[in-house]
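Q: Structure for this input, please:
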Amino acid sequence: MSMMPVISKLYCSSSQTVLGVRRRPHVVNGGGFVVTDCTGQRVVFRVDGCGIHGTKEHLILRDGEGDALLLVRRKGGMFEALSIYKKWKGYSLNYEGSQTLVFSLKEPNSCFVKNNGIRISIEPRAASNKGWDFEIRGYFPDRNCSIVDIRGNVIAQVGVNKEVEKLMESKDLYNVVVKPGMDQTFVFGVIAVLDYIYGESTNC
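A: You can find the predicted model right below:
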């Protein structure tokens, strides 16, 4: 089993990991969501929605202590308005505050785009591949989707515990299963973008 540290090898586990996601109301720190371990007791990540910064299309993923690990923002302007894709960029943040581009996500901006999938590229780009490294399959608002690599392997799966769903009648609680070796920071950076795209807890 090989590790794939997109952002940090500290968040690559040698075993499959099940993490829980709980949405925060918009009135609490600008919205967003909290990621906990399988017991629900320890906070692993926190994603701050754009309301906390007053800036749209601007998300921050933090560790359990509140330190920023990843900044995600959407590229806007005239170039995007004319493009068939909306493009998001994820930047890792170090302790000095410097930013390094680590992934790009393309969201279809037009119903005319063939194969309307959301695709993610790891940065810097490798010259030999197809121009993308991962894609989203399924439908995030239904809590039934996967992040899949270019070979078709599922690297993370979003789902809902059926018993919890019946009890809560809500999709504010869901699980993410991350496969061994995958960078959990990267996975939740992508999930933060999906949350925003579909107008959920991180959206203003």
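Q: So which bits of stretch 146-157 are buried?
A: With burial defined by 16 or more other C-beta atoms under 10 Å, the residues of stretch 146-157 counted as buried are 146-149, 155-157. C-beta here means a position set from N, CA and C on the backbone, and glycine is covered the same way.
Q: Would you mind giving those residues as CSV with secondary structure, distance to Gly117 and pLDDT added?
A: Formatted as CSV, these follow (DSSP: H, G, I helix; E, B strand; the rest coil; distance: C-beta to C-beta, whole Å; pLDDT from 0 to 100):
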residue, secondary structure, distance to Gly117, pLDDT
Ser146, strand, 12, 97
Ile147, strand, 11, 97
Val148, strand, 10, 96
Asp149, strand, 13, 93
Ile155, strand, 15, 96
Ala156, strand, 16, 97
Gln157, strand, 16, 97
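Q: State the pair within the residues you listed that is farthest apart.
A: The distance between the two most remote of the buried residues of stretch 146-157 (C-beta to C-beta) is 12.8 Å, for Asp149 and Gln157.
Q: What ranges does this structure have for its helices?
A: Ranges of helices in the chain, per DSSP state H, are 78-82, 162-168, 184-197.
Q: Dump the buried residues of stretch 146-157 to CSV, plus distance to Gly131.
A: Listed next are those as CSV, based on distance: C-beta to C-beta, whole Å:
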residue, distance to Gly131
Ser146, 20
Ile147, 17
Val148, 16
Asp149, 14
Ile155, 18
Ala156, 21
Gln157, 24
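Q: Give me the below-cutoff pLDDT ranges for the chain.
A: Within the chain, the stretches with pLDDT under 70 are 1, 25-30, 50-56, 76-84, 109-116, 126-129, 162-171, 204.
Q: can we see that at 50?
A: Counting by pLDDT under 50, the chain contains low-confidence ranges at 112-114.
Q: For it, just list every one of the strands.
A: For the chain, the strands defined by DSSP state E cover 17-23, 32-36, 43-48, 58-63, 68-75, 85-93, 99-108, 119-122, 134-139, 144-149, 154-159, 173-178.
Q: now the second one against strand 17-23, angle please.
A: Here strand 32-36 runs at 150 degrees with respect to strand 17-23, directions being taken by axes from the mean of the first three to the mean of the last three C-alpha atoms, to 10 degrees.
Q: surely Ile150 meets Asp133?
A: Yes. Using C-beta atoms under 8 Å, Ile150 is in contact with Asp133, at 5.8 Å.
Q: Count the neighbours of Asp133 for me.
A: Neighbour count of Asp133, defined by other C-beta atoms under 10 Å: 19.
Q: Now do the contacts for the closest residue to it other than its chain neighbours.
A: Excluding its sequence neighbours, the residue lying closest to Asp133 (C-beta to C-beta, 6 or more residues apart in numbering) is Ile122, at 4.8 Å. Going by C-beta atoms under 8 Å, 6 or more residues apart in numbering, Ile122 touches 6, 102-103, 133-134.
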